[in-house]
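*Asks:* turn this into a model:
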Amino acid sequence: MQRLYPNDLQDLITANKHYVGLFLERVRQLSLVDFVLDFSHGKNLFISLNSRTPFIVFNADLGAFPDGGELHSFAINLRQSLRGRLVSLEQPNNDMILALVFEQRNNILELEKVTLFVELIPYHPQAVLVNEDNTILTAFRYHQERAKDGRFMRGGNKYFLPEKSEFISHTTSLQTDYLKAYLSEHRERIKKQNFRDVYVYLETNLKRARRLIKNYEKDLEKLDNLADLYHNANLLLTYKPAIYDYFVQIDGKTIEVDPRYDALVNAEILFKKAKKIKKSEQILQSKITETIDKIKYLEGIESHLNNLESAGEIFQIYEELDLLKRRDKRQIISKLNPYIINYKNIDILFGKNNKQNDFLTFKIARKNDTFMHIVNRPGSHIIIRAEKPAKDVIQFAGMLCLFLAKQVDAEIMYSDVVNIKKGVFPGQVIARKYETFFLRFNDEFKELFKNDIKRFYK
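*Replies:* Reported below is the predicted structural model:
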């Protein structure tokens, strides 16, 4: 990604002098390092303090920016300390520093000025809010190594500008779309950052489940002598040898026994031991099956999460995993309404997460509608609102399956909704009978799916 130079910053300030006089309405935090100052008249200033290529964008279109950023201490302090009218946009020392001077009233209604210094220095970006005495009110992202120049960015300390950086004279085009370039490189990282707790939960629980399966399999290996126990017990019953020691020989086979008991009692002991081991084996197999199902369930959620962009739909996953207590419960959870696309006057519905899938399949779908899903892979439930749909409709819905799951090709199953039963986990289904077909995705459908999909409302 191309970086900003002092000449670029000067050009941006010159081109946006009309911001002077606007009132600050809101401070937003979009990720750990990305902030927005919302001004009157619908204007905004996007500030990215990412380490490598910090930059600013005036009047940024943030429609494509990932949702879900939480307010941290710096943004909270800015909200409390920064308000009023922007009276100046400056570039101190013609360096990579933007100074925004605000005029506001204090608690006793006296006019005062505060300045937000945004240092866009690569690998050392930071933002500092100071009062008229240059006393620091709040600061963001101060690196300890910067203390070498004597600048300790702490509340109550004095702020002074850094030494002017030496830059090669360079100017980039004002037409450079910094935000687009930034998102193309960091979008997924920002999303994982904003919803870190659910990603950590999935990663931790998947690792734990896979480790459990390995442990169960090791325990199963210890039960491999089950057949030998039955065989030895039958030998004791058949030959009924006299027992004087801890071992007896029968047909060249050495069998461990208890010398206190005769052959019949020792055979019974071996049968009981075998029965106990068999029961343990059944329990272990059951636990392995349960854990495999849980892994598939969590992997399904992980797949849905990777395909979701809306914060509301991602918070449905939080609700499903009972993680909402870890986030602000005031977050608005979007409705369970699925999505819809129309093909040849036939409505095709689908969900984007397990809650939407369940709601669609078991609340909205009719018994004679057609259910579709990719075989043995996580993905959306597809409902064709037609009984015995034509082959081309099934093919179209199959393409939608692949598009939503981001698969190049796959085997797809379809069946009447009446044959679909709810599984153990949310989003899991059991099909009593179904048909399958193999399909490869056709890129010609991509734009159609991107443009024609809408939210479904009853």
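*Asks:* residue 119 is in contact with residue 140, isn't it?
*Replies:* No. Look at residue 119 against residue 140 with C-beta atoms under 8 Å: they stay out of range, at 9.8 Å. No exception for glycine: its C-beta is placed from N, CA and C like everyone else's.
*Asks:* who touches both of those two?
*Replies:* Residues touching both residue 119 and residue 140 (C-beta atoms under 8 Å, 6 or more residues apart in numbering): 126, 127, 128.
*Asks:* what number of residues lie near the first one?
*Replies:* By the other C-beta atoms under 10 Å criterion, the neighbourhood of residue 126 contains 21 residues.
*Asks:* check the last one too.
*Replies:* Applying other C-beta under 10 Å, we find 24 other residues in the vicinity of residue 128.
*Asks:* ok, it to residue 17 distance?
*Replies:* 23 Å (C-beta to C-beta, to the nearest Å).
*Asks:* tell me what residue 55 is bridged to.
*Replies:* When bridges are called by DSSP bridges, residue 55 pairs up with residue 48.
*Asks:* hang on, isn't it packed against residue 9?
*Replies:* No. Residue 55 is not in contact with residue 9 according to C-beta under 8 Å; the separation is 9.1 Å.
*Asks:* and residue 266, that's in a helix?
*Replies:* Yes. Judged by DSSP: H, G, I helix; E, B strand; the rest coil, residue 266 forms part of a helix.
*Asks:* residues touching it, list them.
*Replies:* With contact taken as C-beta under 8 Å, 6+ apart, residue 266 is in contact with 236, 243, 257, 258.
*Asks:* the residue nearest to it when sequence neighbours are not counted - how many residues pack around it?
*Replies:* The shortest distance from residue 266 to any non-neighbouring residue, by C-beta to C-beta, 6 or more residues apart in numbering, is to residue 257 (4.4 Å). Neighbourhood size, residue 257 [other C-beta under 10 Å]: 22.
*Asks:* phi and psi next, for residue 257.
*Replies:* Main-chain torsions, residue 257, degrees, to the nearest 10: phi -140, psi 170.
*Asks:* what residues are up against it?
*Replies:* The contact partners of residue 257, taken as C-beta under 8 Å, 6+ apart, are 236, 243, 246, 247, 248, 263, 266.
*Asks:* go on, residue 217?
*Replies:* residue 288.
*Asks:* quick check on it: phi, psi?
*Replies:* Main-chain torsions, residue 217, degrees, to the nearest 10: phi -70, psi -40.
*Asks:* show me where the stretch 51-200 of the chain has its helices.
*Replies:* Taking DSSP state H, counting those that start in this stretch to define them, one finds helices in the stretch 51-200 of the chain at 73-81, 178-194, 196-221.
*Asks:* which strand residues bridge residue 127?
*Replies:* Legend: beta-bridge partners of residue 127 under DSSP bridges are residue 118, residue 140.
*Asks:* so what's it up against?
*Replies:* For residue 127, the contacting residues are 35, 47, 49, 74, 116, 117, 118, 119, 139, 140, 141, by C-beta under 8 Å, 6+ apart.
*Asks:* how close does it sit to residue 252?
*Replies:* Separation of residue 127 from residue 252 (C-beta to C-beta) stands at 84 Å.
*Asks:* cool, and residue 453?
*Replies:* According to C-beta to C-beta, residue 453 and residue 252 sit 73 Å apart.
*Asks:* these two: who's more crowded?
*Replies:* More neighbours surround residue 453 than the other of residue 453 and residue 252, with 17 against 5 (other C-beta under 10 Å).
*Asks:* out of everything not next to it in sequence, what's closest to residue 273?
*Replies:* Nearest residue to residue 273, sequence neighbours excluded (C-beta to C-beta, 6+ apart): residue 229, at 5.8 Å.
*Asks:* if we can go back for a sec, please type out the ChimeraX selection for whichever of the contacts of residue 257 turn out to be buried.
*Replies:* In ChimeraX, this line selects whichever of those come out buried by 16 or more other C-beta atoms under 10 Å:
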select :236,243,248,263,266
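*Asks:* next step: the contacts of residue 257 restricted to helices.
*Replies:* Those of the contacts of residue 257 mapping onto helices are 236, 263, 266, per DSSP state H.
*Asks:* any chance of those in CSV, plus distance to residue 410 and pLDDT?
*Replies:* Compiled in CSV, the ones in helices among the contacts of residue 257 are given as follows (distance: C-beta to C-beta, whole Å; pLDDT from 0 to 100):
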residue, distance to residue 410, pLDDT
236, 55, 91
263, 60, 92
266, 57, 92
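*Asks:* mind listing what's buried along stretch 121-134?
*Replies:* 124, 125, 126, 127, 128, 129, 130.
*Asks:* then stretch 218-226?
*Replies:* Taking 16+ other C-beta under 10 Å as the criterion, stretch 218-226 shows none as buried.
*Asks:* pull the residues that contact that stretch.
*Replies:* Contacts to stretch 218-226, defined as C-beta under 8 Å, 6+ apart, come from residues 274, 277, 278, 280, 281, 284, 285, 288.
*Asks:* how close does the last one sit to residue 215?
*Replies:* As for residue 288, its distance to residue 215 is 10 Å (criterion: C-beta to C-beta).
*Asks:* between these two, which is the more surrounded one?
*Replies:* With neighbours defined as other C-beta under 10 Å, residue 288 and residue 215 compare such that residue 288 has more, 16 against 12.
*Asks:* which residue ranges form the strands in the stretch 301-450 of the chain?
*Replies:* 339-343, 346-350, 370-374, 382-384, 409-416, 420-422, 429-431, 435-440 (DSSP state E, counting those that start in this stretch).
*Asks:* no, scratch that, I was asking about the stretch 51-200 of the chain
*Replies:* Assigned by DSSP E, counting those that start in this stretch, the strands in the stretch 51-200 of the chain fall at 55-58, 85-90, 97-105, 111-119, 126-130, 136-140.
*Asks:* where does pLDDT dip in this protein?
*Replies:* Within the chain, the segments meeting pLDDT under 70 span 142-150, 165-175, 325-334, 458.
*Asks:* break it into its domains for me.
*Replies:* Annotated domains of the chain cover 6-184, 197-306, 339-455 [automatic domain parsing].
*Asks:* tell me who's in contact with the closest residue in space to residue 130 that isn't next to it in sequence.
*Replies:* Nearest residue to residue 130 in three dimensions, chain neighbours excluded: residue 159, at 4.6 Å (C-beta to C-beta, 6+ apart). Applying C-beta under 8 Å, 6+ apart, we find residue 159 in contact with 117, 128, 130, 134, 135, 136, 151, 153.
*Asks:* what's the farthest-apart pair in the residues you listed?
*Replies:* Maximum pairwise distance in the contacts of residue 159, criterion C-beta to C-beta, is 13.7 Å, between 135 and 151.
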